[in-house]
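1. missing the sequence, but the structure's below:
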Ligand code: NAD
């Protein structure tokens, strides 16, 4: 078994971006500026956003955080989105999900200027990705693709099973794994909460990508000997032995599955860190206008 070490790979990517930014700014380019909108006081969302902002500082981006109370109205949030759309200094921005229930996430995502949509959630970016056109790829799937690439994992002709069909992970992941380039060219099966024989389907996967949000759901009964296992799940579970009172768990039972797999991502220290790299890469592309003029 080999560990797909998100910590090491993301450190390498961040240092490449840092160097790229320094050269770009030295040659007269604008310093990249990423903004984030955070609504409410969800602990996990606060941690993710703080980590994104910290990463911006590390690599030489400007960052802005706009915080709103959970009772903000949809119209007020749309106004905030519009102000970032119109702010010429902001190259890209994200609206941290999930949003409070009274706000339509789809409506907010569609209001983001697709040219600044560095999370890759806008229908124009999703549609262009499906057609194989240049687009901001959704940050988590992008991070996973980059991880497979940097570990030189063979994907052509492999059976890739994705657990979960969410718009931000499972669905775009399945599209990217079947496209006609590397990493890709897999035969993809996408599974979800209504899938029958999930265990049997997963057991036939050469590459198993797990994104369902149920801690330690995947045990060796779901995994073929020698499979590549990518664990996207991040769930906080109570743990009185930790200072914070919780531990972070993935969707895969790492201790049991690691000995069966050929490659596996840990949680924490795996896909989460790669997601941030996806976001930073997209922001740099936005600054350089590499995808949209
Ligand atoms: P989601 O709740 O939107 O989707 C979950 C999916 O899993 C659904 O499509 C559902 O049909 C499927 N599912 C649920 N129960 C199932 C079951 N028993 N069998 C098969 N399929 C089942 O979740 P999401 O936003 O895709 O996130 C999934 C997990 O990934 C969460 O733990 C989330 O915190 C984590 N996540 C991590 C990152 C990261 O950067 N590492 C990014 C996004 C999400």
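-> Thanks, I have the structure now. Every value quoted in this text rests on a predicted model; they were computed, and no experiment measured them.

2. helix, strand or coil for the residue in the stretch 1-150 of the chain that the ligand sits nearest to?
-> The ligand sits closest to residue 140 of the stretch 1-150 of the chain, with a gap of 4.3 Å, by CB to the nearest ligand atom. C-betas here are computed from N, CA, C, even on glycine. Under DSSP: H, G, I helix; E, B strand; the rest coil, residue 140 falls in the helix class.

3. does it really touch residue 273, like I thought?
-> No: counting by CB atoms under 8 Å, residue 140 stays clear of residue 273, with 10.9 Å between them.

4. Helices of the stretch 101-250 of the chain, start to end?
-> Ranges of helices in the stretch 101-250 of the chain, per DSSP state H, counting those that start in this stretch, are 105-111, 123-130, 139-150, 170-178, 198-203.

5. Nearest to residue 23 among these would be which one?
-> In terms of CB to CB, the element of those nearest to residue 23 is helix 139-150, at 20.5 Å.

6. okay, the angle between the closest one and helix 170-178?
-> Counting by axes from the mean of the first three to the mean of the last three CA atoms, to 10 degrees, helix 139-150 points 30 degrees away from the direction of helix 170-178.

7. From the contact counts, what lies against helix 139-150?
-> helix 6-26, helix 170-178, strand 228-231, helix 271-287 (3 or more CB pairs under 8 Å, 6 or more residues apart in numbering; DSSP states H and E).

8. Please identify the most buried of these.
-> Most buried of the helices and strands packed on helix 139-150, by mean neighbour count (mean count of other CB atoms under 10 Å): strand 228-231, with a mean of 27.

9. Flag every residue of the stretch 151-293 of the chain that's near the ligand.
-> When proximity is defined as CB under 6 Å from any ligand atom, the stretch 151-293 of the chain approaches the ligand at 163-166, 168-170, 191-193, 195, 198, 211-214, 232-235, 271-272, 275.

10. how does it look with 5 Å?
-> Taking CB under 5 Å from any ligand atom as the contact definition, the stretch 151-293 of the chain meets the ligand at 164-166, 169, 192-193, 211-213, 232-234, 271-272, 275.

11. Same check on the stretch 1-150 of the chain?
-> With the criterion set to CB under 5 Å from any ligand atom, the stretch 1-150 of the chain comes near the ligand through residue 140.

12. could the helices and strands packed on helix 139-150 be laid out in CSV, adding distance to residue 57 and mean pLDDT?
-> Below are the helices and strands packed on helix 139-150 laid out as CSV (distance: least, CB to CB, whole Å; pLDDT from 0 to 100):
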stretch, distance to residue 57, mean pLDDT
helix 6-26, 11, 98
helix 170-178, 28, 98
strand 228-231, 28, 98
helix 271-287, 11, 97
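
13. ok, back up a step: what residues are up against the residue of the stretch 1-150 of the chain closest to the ligand?
-> 168, 169, 173, 211, 232, 271, 274, 275, 278 (CB atoms under 8 Å, 6 or more residues apart in numbering).

14. redo that, cut-off 10 Å
-> By CB atoms under 10 Å, 6 or more residues apart in numbering, residue 140 lies in contact with 119-120, 166, 168-170, 172-173, 211, 232, 271-272, 274-276, 278-279.
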